[in-house]
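In: the following block contains a protein sequence and its predicted model.
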Amino acid sequence: MSVPNAEKGGRLDPTDGRDLAVLALRRQSERDYVRDTLNAAAAAAKTPPEHISLALELAMGVMRHRLTLARMVRDLLTGSWQALPADIRHILLLGTYQLMYLDTIPDYAAINEAVAQAKRSGFGTLGKVVNGVLRNVQRRIVGREVWSDALPLRRAVRYEYGRACMLSIDLMVDRKEDLVGYLSIATSLPTEIITRWIHTFGKEQAEQMCWASQWRPPVVLRPNPLRTTGAKLLAALTAEGIPAELDTASDSVFTSSAGGITHWKAFLDGLCQVQDVTAQQAVIAAQPRPDQTILDLAAGAGTKSTQAAELMKNRGLVLAHDIATARLDRIAGNAARLGIQIIQVVSPDQFDAVLAEQKPDVILVDVPCSNTGVFARRPEAKYRHNPQSLTSLKKQQVSLLRRAMDLAIDSGARIVYSTCSVEPEENEQVIQEVLTGQSEWILASAHLFKPTFTGPLTSWRDGGYVAVIDSVVKAR
């Protein structure tokens with residue numbers, strides 16, 4: 001389908017779910033994430049929660065499946081994909097995502113709303129292109145099937161773990177002849193990442209990781225033990241009409257309801273904090289105890305700081321520090337909501353003075369990383385991944401870990417290093433580099449968690465890495 005000349009773009013409405021999704025996709029930068037830009041735009045516009053939920057589903061769905069969606073759309077254009085205005089490209093991807101991956105939205109609604117969006121965006125003459133492309137996508141969909149390897153895989157787009165959208169054309173390449181190419185189209189991962197994973201983990205494990213990296217992840221809620229338990233949190237959510245399941249192994253509650261969390265009564269009452277089971281392992285490995293002093297060296301929004309304070313029974317001191325002061329503003333609010341009084345936010349200009357007075361028993365070092373273990377939650381990261389970024393990140397990680405070791409040398413504090421990456425360069429190789437030639441420290445334990453999902457909601461696990469470093473004296 002040919003592409004006519006486009007006129008100047010118009011103004012989309014951030015209180016409309018579909019428009020908000022396009023705005024979030026438009027505004028993302030090389031460092032920002034769609035979810036963050038979407039939530040910021042929604043907060044500024046006071047978007048209703050139900051529209052935020054729709055926008056998150058659409059925008060995150062497009063990011064997770066961008067390579068698959070773009071392959072379908074580009075095949076239906078006779079003109080240049082890049083010549084289309086960015087908003088129209090996003091509208092086409094949003095419409096195609098609804099048609100292929102969401103059988104809860106009627107086809108006519110997805111198509112009609114996309115055409116209306118094109119007009120609202122200021123590209124009215126491209127409404128015919130949007131309508132034509134999406135109607136051809138609709139014609140290519142011939143049914144829905146239960147997923148099975150016995151299906152004609154070149155025509156099967158897997159979604160919702162156990163379902164497949166069946167097409168009338170071969171969208172995929174042959175899996176047996178080109179596994180990397182097939183997985184790239186099917187799971188929307190760049191071929192370089194898939195090749196790396198096959199080399200590192202083997203074909204079978206790499207394929208499982210690719211699939212786990214493209215599913216819609218559940219929201220995992222860590223119950224606040226100062227106020228509730230997993231079972232009681234589940235009951236509270238059920239009373240609000242929020243479907244959820246309890247994972248007894250972790251005492252965490254899982255839900256597929258991704259939107260409006262900050263409006264839930266259970267959240268507002270401080271009964272829970274959003275945190276995947278894998279992310280919880282770093283603080284668990286630290287074994288914090290009441291009356292200890294914990295330093296969270298790269299605290300971010302304070303998720304691990306609050307977890308540590310909860311396990312310490314709100315007794316002792318948690319020093320939450322981050323070089324990005326804007327993140328620190330969120331920690332006090334989170335602590336207050338959860339009923340925690342022992343967290344002290346430490347800004348960069350206060351750091352030296354505070355650490356001169358307070359000697360930590362444990363230092364948490366949750367470093368910036370490539371996010372390869374959490375592509376399902378941060379799909380933008382997979383399109384930014386490259387060897388140069390890994391090299392740069394490793395330098396930062398080594399620097400942060402060495403800083404923690406310098407801070408801990410007097411007190412012999414336990415150090416817990418963690419990432420949400422599965423890459424050896426950011427995990428094992430960082431530990432090896434900082435411990436080489438050291439006689440004061442030993443690696444007490446290390447564990448790599450691979451992204452995993454086997455169907456049941458509570459089977460979800462993000463990927464990541466946790467290493468515990470103890471002083472030789474303390475280890476004795």
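Out: Thanks, I have the structure now. Numbering: from 1, shown residues only.

In: pick out the residue closest to the middle of this protein.
Out: Central residue of the chain (C-alpha atoms, centre = their mean): R377, 2.0 Å from the mean position.

In: dump the residue contacts of the nearest residue to that one once chain neighbours are set aside.
Out: Using C-beta to C-beta, 6 or more residues apart in numbering and skipping residues adjacent in sequence, the residue nearest R377 is P217, 5.4 Å away. For glycine as for every other residue, the C-beta is placed from the backbone atoms N, C-alpha and C. With contacts taken as C-beta atoms under 8 Å, 6 or more residues apart in numbering, P217 has the following neighbours: D276, A376, R377, F453, W460, D462.

In: contacting residues around the first one?
Out: By C-beta under 8 Å, 6+ apart, D276 lies in contact with P217, V220, V374, R377, W460, R461, D462.

In: again, but for W264
Out: Going by C-beta under 8 Å, 6+ apart, W264 touches L237, E240, I242.

In: next, the first one: secondary structure please.
Out: When states are read from DSSP: H, G, I helix; E, B strand; the rest coil, the local structure at L237 comes out as helix.

In: also the one 4 residues further on?
Out: Secondary structure, three-state DSSP: G241 is coil.

In: any idea how far it is from T255?
Out: Taking C-beta to C-beta, to the nearest Å as the measure, G241 falls 11 Å from T255.

In: which one's more surrounded, those two?
Out: T255 (18 against 7; other C-beta atoms under 10 Å).

In: let me know whether that one touches P243 as I believe.
Out: Yes: contact criterion C-beta atoms under 8 Å: T255 and P243 qualify, at 6.3 Å.

In: tell me if the residue nearest to R377 really is in a helix.
Out: No: assignment of P217 by three-state DSSP gives coil, placing it outside any helix.

In: now the closest residue to S347 other than its chain neighbours, what are its backbone angles?
Out: Leaving aside its sequence neighbours, S347 sits nearest to T325 (C-beta to C-beta, 6+ apart; 5.7 Å). Backbone torsions of T325, given as degrees, to the nearest 10, read phi -60, psi -30.

In: so what's the residue count around T325?
Out: 11.

In: then the one 4 residues further on?
Out: The local packing of D329 (other C-beta under 10 Å) involves 10 other residues.

In: for it, helix, strand, or coil?
Out: What three-state DSSP gives for D329 is helix.

In: tell me the contacts of it?
Out: Applying C-beta under 8 Å, 6+ apart to D329 gives no contacts.

In: rewinding a little: for the contacts of W264, which entry has the maximal number of neighbours?
Out: Result: L237 is most packed of the contacts of W264 (other C-beta under 10 Å), 24 neighbours.

In: was I right to think it contacts V253?
Out: Yes: the criterion here is C-beta under 8 Å, and L237 meets it with V253 at 6.6 Å.

In: where does the stretch 251-400 of the chain have low pLDDT?
Out: Along the stretch 251-400 of the chain, segments meeting pLDDT under 70 span 258-259.

In: which stretches of it form strands?
Out: Ranges of strands in the stretch 251-400 of the chain, per DSSP state E, counting those that start in this stretch, are 252-255, 272-274, 293-296, 317-321, 343-346, 362-366.

In: can you tell me which of those strands is nearest to V130?
Out: Closest to V130 of the strands of the stretch 251-400 of the chain is strand 252-255 (C-beta to C-beta; 33.8 Å).

In: can you give the strand pairings for that closest one, parallel or anti for each?
Out: strand 219-223 (antiparallel), strand 245-247 (antiparallel) (DSSP bridges).

In: now those strands as a markdown table including distance to A332 and mean neighbour count?
Out: Shown next, in a markdown table, are those (distance: least, C-beta to C-beta, whole Å; neighbours: other C-beta atoms under 10 Å):
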| stretch | distance to A332 | mean neighbour count |
| --- | --- | --- |
| strand 219-223 | 19 | 24 |
| strand 245-247 | 30 | 18 |
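
In: so which of these gets nearest A301?
Out: Per C-beta to C-beta, nearest to A301 of the strands paired with strand 252-255: strand 219-223, 13.5 Å.

In: pull the residues that contact that closest one.
Out: Strand 219-223 is contacted from outside by 229-230, 232-233, 237, 244, 251-258, 261, 266, 271-277, 280, 307, 460, using C-beta under 8 Å, 6+ apart.

In: can you check stretch 162-173 too?
Out: Taking C-beta under 8 Å, 6+ apart as the rule, stretch 162-173 contacts 68, 71-72, 75, 100-101, 103, 139-148, 151, 153-159, 181-182, 185-186, 455.

In: let's see 10 Å
Out: 68, 71-72, 75, 99-103, 137, 139-148, 151-159, 178-186, 455 (C-beta atoms under 10 Å, 6 or more residues apart in numbering).

In: picking that back up, how much space separates the residue nearest to R377 from L338?
Out: From P217 to L338 the distance is 23 Å (C-beta to C-beta).

In: what is the neighbour count of K394?
Out: Per other C-beta under 10 Å, the neighbour tally for K394 reads 20.

In: OK, contacts around it?
Out: Contacts of K394 by C-beta under 10 Å, 6+ apart are V367, C369, S370, E423, E425, E426, N427, Q429, V430, E433.

In: state the pLDDT value of P4.
Out: For P4, the pLDDT comes out at 44.

In: with D36 instead?
Out: So D36 comes in at 89 (pLDDT).

In: pretty sure it sits against L56.
Out: No: using C-beta atoms under 10 Å, D36 makes no contact with L56, being 11.3 Å away.

In: out of those two, which sits in the busier spot?
Out: L56 (22 against 14).

In: what's near enough to touch that one?
Out: Contacts of L56 (C-beta under 10 Å, 6+ apart): G17, L20, A21, A24, V34, R35, L38, N39, A42, A258, G259, G260.

In: confirm that the third one sits in a helix.
Out: Meaning A21. Yes: counting by three-state DSSP, A21 is part of a helix.

In: how many neighbours does it have?
Out: 31.

In: swap in the second one?
Out: The tally of other residues near L20 (other C-beta under 10 Å) stands at 27.

In: same check, this time on the last one
Out: Close neighbours of G260, defined as other C-beta under 10 Å, add up to 15.
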